[in-house]
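Engineer: Provide a 3D model corresponding to the input given below.
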Amino acid sequence: MTETVSPESLPTKARTKLRKRIAKRAIIILAVLAILFYGGGGLYFSNQLYKIGLSGAARRSLKPSYSIPVAGVSSTSIVLDTSSSTPYEATTKGIWGLQWPSGYGQISTIDSVSTHSVTRAFKLITGNDPVPGQEVAIDSNAFPVNPKVAFGINYQIVSYKGPLGNYPSWFIPGTSSTWAITVHGNAMTLLDGMKALPTLHNLGLPTLMISYRNDPGAPQSKSDLLRYGLTEWQDLQAAVSYALAHGAQHVILLGYSMGGGIVTNFLLQSNLASRVSAVVLDAPMVNFSKTVDFNASEMDLPLIGLPLPQSLTDVAKWISSWRYGVAWNQLNYLAKANKLDTQILLFQGLSDKTVPAVTSDELAKDRPDLVKYVTTPGAGHLESWNFHPQSYDNIMKSFIQAHLS
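Structural biologist: Predicted coordinates for the structure are as follows:
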């Protein structure tokens, strides 16, 4: 018969040794579990960061997600099926792009809402009408293809010479000696700047809608990684040089999301910053570290579904700096806001799930002498125009007019 000896039955010295042994083993087990959790988890989420935010190839391969069924369509209205999970924009007031494989249109006024559908004003811009049963996708850019298709505005395909080669861009002629240059975000499409184009064109500003490194058709960097303004500002500098060489006396820069970070770092780094009359930023990514923290806080741990702890995000960021050379401190342009000296019009949606509104709040708070801050409650990423198109255009028009040289 086997007897079990409890620690309490042992002499005091033996009990102490046993408890130390148990504690040591427990510490080792916890250490191993921590290494597995933080090492494996950090590696996994650094891979997610690479796929979602750093890889040029991954960003270039993004496709629309067609998920909203069309219930009916006429020449002036469309009925969207909202019985399943539907993007909130489908039932939100404002102007939104609607795309499907064979066409593109716009939805605007909400005519009626029922339990399972919404009827909205609809305008076909290009292609063929969608058919009932076909699935469509919301596009916050709101305008498709190019300036000619979207607005009937003539444009030229030009290229400017930059650090890595020649960068294809769209040029819209104008009469002013001040040019506008639009800098898109990490969706890697020139269409980010389309919503501003009619206002710029009506003001007579020649407009250059630029590509930069790792864009489709543009030169690729050796790493093919997005650097969120750390290197791309040099491409913008080359675009400004192109404008100055072709008749511009000054420029107005418009930066969207990542493009806002590029514009901000250009203002901090370039010897051509003095030629900038004013800047328009929309949801600018001016602190990449805080942006990653914010997006990570919206994620759950695989399998167990618990929120991602900040400590694991910190490990993933450290691994990303080692694997991909992410220079987190240098990507905090807010830390250098005291060095800015250009007037800024700043738009920010307060329900932005990509760039946290607190970073725009911080820029506006730190530089009230420079920043005119316009917030849009309820608006998501780069959606301030979509919620209030006329107001957005009027504010931008007045700001630019006040700063034309």
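
Engineer: just so I have it, where are all the strands in the chain?
Structural biologist: Taking DSSP state E as the criterion, the chain carries its strands at 68-73, 77-81, 96-100, 103-113, 117-127, 135-139, 156-162, 165-172, 178-183, 207-210, 250-256, 276-282, 344-349, 371-376.

Engineer: Let me have the ones you listed in JSON lines, adding mean neighbour count and mean pLDDT as columns.
Structural biologist: Yep, even glycine has a C-beta here, placed from its N, CA and C like the rest. JSON lines is the format used below for the strands of the chain (neighbours: other C-beta atoms under 10 Å; pLDDT from 0 to 100):
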{"stretch": "strand 68-73", "mean neighbour count": "19", "mean pLDDT": "96"}
{"stretch": "strand 77-81", "mean neighbour count": "21", "mean pLDDT": "97"}
{"stretch": "strand 96-100", "mean neighbour count": "23", "mean pLDDT": "98"}
{"stretch": "strand 103-113", "mean neighbour count": "17", "mean pLDDT": "97"}
{"stretch": "strand 117-127", "mean neighbour count": "18", "mean pLDDT": "97"}
{"stretch": "strand 135-139", "mean neighbour count": "20", "mean pLDDT": "97"}
{"stretch": "strand 156-162", "mean neighbour count": "15", "mean pLDDT": "98"}
{"stretch": "strand 165-172", "mean neighbour count": "19", "mean pLDDT": "98"}
{"stretch": "strand 178-183", "mean neighbour count": "28", "mean pLDDT": "98"}
{"stretch": "strand 207-210", "mean neighbour count": "27", "mean pLDDT": "98"}
{"stretch": "strand 250-256", "mean neighbour count": "27", "mean pLDDT": "98"}
{"stretch": "strand 276-282", "mean neighbour count": "25", "mean pLDDT": "98"}
{"stretch": "strand 344-349", "mean neighbour count": "24", "mean pLDDT": "98"}
{"stretch": "strand 371-376", "mean neighbour count": "18", "mean pLDDT": "98"}
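
Engineer: how about those strands in CSV, adding distance to Val358?
Structural biologist: Rendered in CSV, the data for the strands of the chain read as follows (distance: least, C-beta to C-beta, whole Å):
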stretch, distance to Val358
strand 68-73, 31
strand 77-81, 33
strand 96-100, 26
strand 103-113, 31
strand 117-127, 32
strand 135-139, 26
strand 156-162, 33
strand 165-172, 33
strand 178-183, 22
strand 207-210, 29
strand 250-256, 18
strand 276-282, 15
strand 344-349, 10
strand 371-376, 12
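
Engineer: how long is stretch 335-351 end to end?
Structural biologist: Taking C-alpha to C-alpha, to the nearest Å, stretch 335-351 runs 24 Å from one end to the other.

Engineer: Please apply the same query to stretch 180-192.
Structural biologist: Start-to-end, stretch 180-192 (C-alpha to C-alpha) is 14 Å.

Engineer: Can you tell me which residue is spatially central in this protein?
Structural biologist: Ser257 (4.2 Å; C-alpha atoms, centre = their mean).

Engineer: distance of the nearest residue to that residue once chain neighbours are set aside from Asn141?
Structural biologist: Spatial nearest neighbour of Ser257, chain neighbours left out: Gly185 (3.0 Å); criterion: C-beta to C-beta, 6 or more residues apart in numbering. For Gly185, the distance to Asn141 (C-beta to C-beta, to the nearest Å) stands at 10 Å.

Engineer: Could you give the number of residues near Ile395?
Structural biologist: 18 (other C-beta atoms under 10 Å).

Engineer: can you map out the helices along the stretch 1-150 of the chain?
Structural biologist: 12-35, 41-49, 56-60, 147-151 (DSSP state H, counting those that start in this stretch).

Engineer: coming back round to it: what about the strands of the chain, which gets the closest to Leu226?
Structural biologist: Nearest to Leu226 among the strands of the chain is strand 178-183; the distance by C-beta to C-beta comes to 13.1 Å.

Engineer: Regarding stretch 168-188, how distant is the last residue from the first?
Structural biologist: 13 Å.

Engineer: Begin at 851, not 1, for the rest of this chat.
Structural biologist: Sure, I'll start numbering at 851, so the last one becomes stretch 1018-1038.

Engineer: where does the closest residue to Gln1084 other than its chain neighbours fall, phi/psi-wise?
Structural biologist: Leaving aside its sequence neighbours, Gln1084 sits nearest to Pro1013 (C-beta to C-beta, 6+ apart; 5.0 Å). Here is the backbone geometry of Pro1013 (degrees, to the nearest 10): phi -60, psi -30.

Engineer: For Pro1013, list the residues it contacts.
Structural biologist: Arg1063, Gln1084, Asp1085, Ala1088 (C-beta atoms under 8 Å, 6 or more residues apart in numbering).

Engineer: and if you look at Tyr1017?
Structural biologist: Contacts of Tyr1017 (C-beta under 8 Å, 6+ apart): 1009-1011, 1060-1063, 1065, 1068-1069, 1085, 1088-1089.

Engineer: how about 7 Å then?
Structural biologist: Ser1009, Tyr1010, Ile1060, Ser1061, Tyr1062, Ala1068, Pro1069, Asp1085 (C-beta atoms under 7 Å, 6 or more residues apart in numbering).

Engineer: What distance do you get for it to Val1008?
Structural biologist: 9 Å.

Engineer: circling back to that earlier point, relative to Asp1074, which of the strands of the chain is closest?
Structural biologist: Nearest of those (C-beta to C-beta): strand 1015-1022, 14.1 Å.

Engineer: Could you check how far the closest one is from the centre of its chain?
Structural biologist: Strand 1015-1022 has its C-alpha centroid displaced from the chain centroid by 21 Å (C-alpha atoms, centre = their mean, to the nearest Å).

Engineer: Relative to it, what are the paired strands and their orientations?
Structural biologist: Using DSSP bridges, the strands paired with strand 1015-1022 are strand 1006-1012 (antiparallel), strand 1057-1060 (antiparallel).

Engineer: what angle separates it from strand 1028-1033?
Structural biologist: 120 degrees (axes from the mean of the first three to the mean of the last three C-alpha atoms, to 10 degrees).

Engineer: Compare Gly1035 and Asn991 (neighbour count), which wins?
Structural biologist: Regarding Gly1035 and Asn991, a neighbour count based on other C-beta under 10 Å identifies Gly1035 as having more, with 26 against 23.

Engineer: hang on, the more buried one packs against Gly1043?
Structural biologist: No: counting by C-beta atoms under 7 Å, Gly1035 sits too far from Gly1043 to count as a contact (9.8 Å).
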